[in-house]
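Colleague: just to be clear, the model below is a prediction. Sequence and coordinates:
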Amino acid sequence: GSVALLDGSRALAERTENVPQRHLEWLAPVTADLLAQAGWSPAQVEAVAVSTGPGSFTSLRIGMAAALIWSRAHDRPIVGIPTLAVVAASAGAAGAIAPLLDVRRGEVAAALFRRDGGLTRLLADAVGPVEDVLRQLPADPSITFTGDALERYQDAVVRLRPGAVLAPRDRWIPTAAAIGGLAWERLRRGE
């Protein structure tokens, strides 16, 4: 789970924790705690951003429901950001970035982005066995790979993509600050 407060694109506070099976009871107290630390009231939050998946069905549903409730209760815009874009943004890399998420049953979800200032999608989402998904990516050896699928498929990435760059392990997970930064860009464009 991850919650962040941003002022524009700058993260003021963030909390990211591994909370399997506890997202529902974790989210509200952490949000209240971050607001208190920042000295903000709920009414001062001008927009809400949320990850839209792929990901754990229950976790995504909890995040989306909380964002929708906040948005409606305070009459604020809500911005949904695809999880693969968030993982790419969280990598902290420039150039071509391929986020890989383990969607279980021997498959990964992947996409391709370019980060040069902003984040631009280069290829649509793909889901399938890691070997098939990696074949869909361009032969560019400078692609940075990131995402939780590297836990299971790192050896396959290195074997099938000689010279592949792997993001540091602590950059493989999506963060609320990255969601907020991408949402801020969309709001600035009027989306």
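Modeller: Sure thing, it's come through. Small disclaimer: the values here were computed from a predicted structure and weren't measured. Numbers count the residues shown, from 1 in each chain.
Colleague: what helix or strand is residue 97 on?
Modeller: Taking DSSP states H and E as the definition, one finds residue 97 inside strand 95-104.
Colleague: what helices or strands is that strand leaning on?
Modeller: Helices and strands touching strand 95-104, by 3 or more C-beta pairs under 8 Å, 6 or more residues apart in numbering; DSSP states H and E, are helix 83-90, strand 107-116, strand 144-146, helix 150-160. Placement of C-beta: from N, CA and C, glycine included.
Colleague: list the contacts of it.
Modeller: With C-beta atoms under 8 Å, 6 or more residues apart in numbering as the contact definition, strand 95-104 has outside contacts at 54-55, 83-85, 87-88, 91, 108-116, 122, 127, 130, 133, 137-138, 140, 142-153, 157, 167.
Colleague: who are the neighbours in contact with the nearest residue to residue 122 once chain neighbours are set aside?
Modeller: Using C-beta to C-beta, 6 or more residues apart in numbering and skipping the chain neighbours, the partner closest in space to residue 122 is residue 112 (4.3 Å). Residues touching residue 112, when contacts are defined by C-beta under 8 Å, 6+ apart, comprise 96-98, 121-123, 137-138, 143.
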